[in-house]
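> sequence and predicted structure below; questions after.
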Amino acid sequence: MSPVALTRRILAIVLSSSLLIAPLSTLAQTAKDSKTSATKSTAAPAEKAAESPSSASVPISTAPASNSADASATKSSKAENADGAAMVENPYGLDALWAQGDYVARGTLIIMLIMSIGTWYIGIVKWLEQSKLMRQIREAKESFWSAVSVESGAAALGNDSAVRFIAESGLKADANHRGSLGQHVDKHTWIGMAVQQSVDTIQNKLQTGLAFLATVGSTAPFVGLFGTVWGIYHALTAIGVAGQASIDKVAGPVGEALIMTAIGLGAAVPAVMGYNWLVRRNKVAMEQVRRFAADIHAVLLSGNKEVRG
């Protein structure tokens with residue numbers, strides 16, 4: 001055999017053997033891959049089965065902890081809210097009005113407070129004085145006119161009695177009519193002047209303080225209005241400086257300023273009502289006083305100082 005033919009024969013054998021080895025390697029690789037996949041597929045359920053108890057046990061073990069944490073967080077939030085509500089103070093009101101107000105606003109509040117206190121004080125004092133005078137007049141009707149004389153009747157009354165003051169004034173005028181400058185005046189006029197002066201003194205005492213009530217009733221609303229205007233002016237100035245005109249910036253300061261008007265009306269209304277009521281009671285009391293004074297005048301002019309019941 002020639003060398004060329006021999007070479008060709010060797011090449012053919014090599015090629016045929018390579019063709020046979022390639023499929024065998026491919027089959028071996030395929031078998032290996034299938035075996036690996038089968039191993040993985042069998043191991044996955046086992047791993048899942050092993051993981052499932054641990055994962056199921058996690059909620060059981062952590063559930064109470066999470067619930068307790070939520071409960072504690074809720075309690076702490078409630079406590080914080082309660083503490084915050086207790087610590088939060090109203091930014092508006094009389095306290096804020098006094099703290100944020102200037103000297104004019106505070107002075108206006110003090111003036112209206114004095115007006116209100118004075119109104120109630122005078123009203124109560126005048127009511128007590130009128131009640132006392134009416135009681136003295138009732139006592140005089142029962143005891144004075146049942147006495148044997150004007151002197152004994154006056155002595156039976158109290159030292160601070162208005163009725164006794166009128167009777168003693170008439171007696172002094174009657175005693176001083178002779179031997180003095182009063183003798184140049186007729187007795188009727190002289191005694192009448194003395195009795196009328198005592199009546200006027202009682203009336204002036206009853207009317208003391210009523211002018212204050214009239215002043216408060218007529219001026220307190222305007223004082224409160226002045227405080228309101230002053231407060232609104234400062235509120236608008238503060239809003240302009242802040243550059244914000246929201247409802248919380250406007251409602252609070254303006255509401256505080258309107259409190260001034262409410263306080264002024266609160267001082268004026270009782271003053272007006274008390275003034276009218278006390279004036280009416282004064283008229284009733286003084287009418288009884290004048291009647292008693294007229295009776296004393298008539299008895300003293302008669303020249304007989306003995307009183308017949």
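Cool, the structure landed.
> wait, is N159 part of a helix?
No. N159 is assigned coil when assessed by DSSP: H, G, I helix; E, B strand; the rest coil, not a helix.
> where in the stretch 51-200 of the chain is pLDDT low?
Within the stretch 51-200 of the chain, the ranges that satisfy pLDDT under 70 run 51-101, 177-184.
> what segments of it are helices?
Under the criterion DSSP state H, counting those that start in this stretch, helices of the stretch 51-200 of the chain are mapped to 94-100, 103-143, 150-155, 162-175, 187-207.
> list the buried ones in the fourth one?
By 16 or more other Cβ atoms under 10 Å, the buried positions in helix 162-175 come out as 162-171, 173-174. Using the backbone N, CA and C atoms, a C-beta is placed for each residue, glycine as well.
> circling back: between the helices of the stretch 51-200 of the chain, which one is nearest to V299?
Among the helices of the stretch 51-200 of the chain, helix 150-155 comes nearest to V299, with 6.3 Å by Cβ to Cβ.
> so what secondary structure elements neighbour that closest one?
Applying 3 or more Cβ pairs under 8 Å, 6 or more residues apart in numbering; DSSP states H and E, we find helix 150-155 packed against helix 162-175, helix 247-301.
> what residues of it count as buried?
Residues 150, 153-154 are the ones in helix 150-155 that count as buried (16+ other Cβ under 10 Å).
> do the same with stretch 261-270
For stretch 261-270, a neighbour-count test (16+ other Cβ under 10 Å) marks 261, 263-264, 266-268, 270 as buried.
> between those, which is closest to L133?
Comparing the buried residues of stretch 261-270 against L133 with Cβ to Cβ places P270 closest, at 22.7 Å.
> tell me, how many residues neighbour W277?
Neighbours of W277 under the rule other Cβ atoms under 10 Å: 14.
> no wait, S198
Quick note: S198 (other Cβ under 10 Å) scores 23 neighbours.
> right, I'll call it a day here.
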